[in-house]
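# Mind folding the following:
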Amino acid sequence: MRLGLQLGYWGAQPPEGVGERVRAAEAAGFDAVFAAEAWGSDAFTPLAWWGRETTRIRLGTSIVQMSGRTPTSIAMHALTLDHLSGGRVVLGMGVSGPQVVEGWYGQPFEKPLARTREVVDIVRQVLRREGPVTNDGPHHPLPYRGPGATGLGKPLKPIVHPLRADVPIWLGAEGPRNVAQTAEIADGWIPIFYTPRSAEMYRPWLDEGFARPGARRTRDDFEIAATCHLQVVADADEKARVLDALRPVVSLYMGGMGAKEANFHNQVFVRMGYESLAREVQELYLGGEKDRATALVPDELVDDMHIVGERGEVLEKVAAWEATGVTTLMLSLGSVEEIDRVAALLA
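Numbers count the residues shown, from 1 in each chain. From the prediction side, this is the model:
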């Protein structure tokens, strides 16, 4: 199991000290650094900016929102950054949710699985550069022949010859059908709220995808990149404080990151066995009672989602995550000192 540094997406202002953390992660032997996007900072620019002073570490998007760019535009970003970095890009993509897709990008959210399949196929056509890129699907037709079209659209292939035809494509997926499709068509999977306790829930969904005709990968060469916070603490009191600090993020995704009618993150917690909790947290959160919602999230859930404990406990937990098939552990680490401590601990 390799280590990745998860930068996430920005808050109200650009974070400080990121360049130093990225360089420290490379020096410490981390395999990759990942950047995310929501409705503020994008995922590609930070990797280009802070990755320019690195030479080895992989640069991954975790994740690019498919509705924010056309498939060929996504491919152009990946192609360009792959050249600039010397072949170090990992293209992580996902569909996001209807609030963001329709509210921020002004695109329809319908049929996310079919859209994902089309996007992946088009990106791979661009990167292979075997001929003009075309797509007969209804979501991203190339050439475009729909309302307002001039009829002059011409199938094209990229001017720039891609450095690699096989840039790894990892997909963010949460539900059974989406996870199965990811195992079928992608090189890796970026789960959210993946834990050793919930890992068995996903196994049959992944196996279904691997078993489909033409599946791209098998379990042996498929990547699973899970995100968590890792912190070594001195005693139980410090652990309690750390878990308490992580609790608001859990309640945000359980209760507030999505509409009541369609919160895919909330449904992950339901599948994990927290149905009544997820419902109550969502009711309180959407009702403006965020503190009450957060107070309901139990320590055992936060503890399961992250790796926090004294040295021996952390080592045991890391081994447990690895045993479930996680190939890359993406860690949110806030300083060079934290990165160095983790690297020394897990060396």
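# just checking, W39 touches V100?
Yes. Using CB atoms under 8 Å, W39 is in contact with V100, at 6.0 Å. The C-beta positions use only the backbone N, C-alpha and C, and glycine is treated the same way.
# Neighbour count: the two, which is higher?
Counted by other CB atoms under 10 Å, W39 and V100 do not tie: V100 has more neighbours, with 20 against 13.
# which residue sits closest to the residue nearest the centre of the chain, ignoring its sequence neighbours?
Centrality entry for the chain: nearest residue to the mean C-alpha point is S62, 3.6 Å, by CA atoms, centre = their mean. Counting by CB to CB, 6 or more residues apart in numbering, S62 lies nearest to F34, which is 3.8 Å off, once chain neighbours are set aside.
# Tell me who's in contact with that neighbour.
G4, L5, Q6, L7, G60, T61, S62, V90, G92, A225, M330 (CB atoms under 8 Å, 6 or more residues apart in numbering).
# So it lies in a strand, does it not?
Yes. The assignment for F34 by DSSP: H, G, I helix; E, B strand; the rest coil puts it in a strand.
# before we move on, what SS does T227 have?
Going by three-state DSSP: T227 is strand.
# Does it touch L333 like I think?
No. If you go by CB under 8 Å, T227 and L333 don't touch, sitting 11.5 Å apart.
# what pairs with I224 across the strands?
According to DSSP bridges, the residues that bridge with I224 are W189.
# heads up, I number from 26, so please use that
Noted, 26 is the first residue going forward, which turns the last one into I249.
# my read: it touches T353, true?
Yes. Between I249 and T353 there is a contact at 7.4 Å, judged by CB under 8 Å.
# check contacts around I215.
I215 touches S87, I88, G117, G119, W195, L196, G197, A198, A250, A251, T252, counting by CB under 8 Å, 6+ apart.
# ranking those by neighbours, who comes first?
In terms of neighbours by other CB under 10 Å, the contacts of I215 top out with A198 at 29 neighbours.
# Any buried residues in the least confident helix or strand in the chain by mean pLDDT, and which?
Within the chain, no helix or strand scores below helix 289-296, which has a mean of 85 by mean pLDDT, DSSP states H and E. Going by neighbour count (16 or more other CB atoms under 10 Å), the buried part of helix 289-296 is F289, H290, N291, Q292, V293, F294, R296.
# same check, this time on stretch 350-365
Those would be G350, V351, T352, T353, L354, M355, L356, S357, L358, V361, E363, I364, for stretch 350-365 by 16+ other CB under 10 Å.
# repeat for stretch 125-135
Those would be V125, V126, Y130, Q132, F134, for stretch 125-135 by 16+ other CB under 10 Å.
# ok, those vs E341, which is closest?
V125 (37.2 Å; CB to CB).
# G350 reaches R244, doesn't it?
Yes. Using CB under 8 Å, G350 is in contact with R244, at 7.3 Å.
# Report all helices and strands that the helix or strand harbouring V151 contacts.
Element membership of V151, judged by DSSP states H and E, is helix 137-153. Applying 3 or more CB pairs under 8 Å, 6 or more residues apart in numbering; DSSP states H and E, we find helix 137-153 packed against helix 96-110, strand 114-119, strand 194-197, helix 201-210.
# Sketch out the low-pLDDT regions of the stretch 226-372 of the chain for me.
283-284, 287 (pLDDT under 70).
# all strands of it, in order?
Under the criterion DSSP state E, counting those that start in this stretch, strands of the stretch 226-372 of the chain are mapped to 248-253, 255-257, 332-334, 353-356.
# and the second one, how far out from the chain's middle?
Right, the one you point to is strand 255-257. How far strand 255-257 lies from its chain's middle: 21 Å, per CA atoms, centre = their mean, to the nearest Å.
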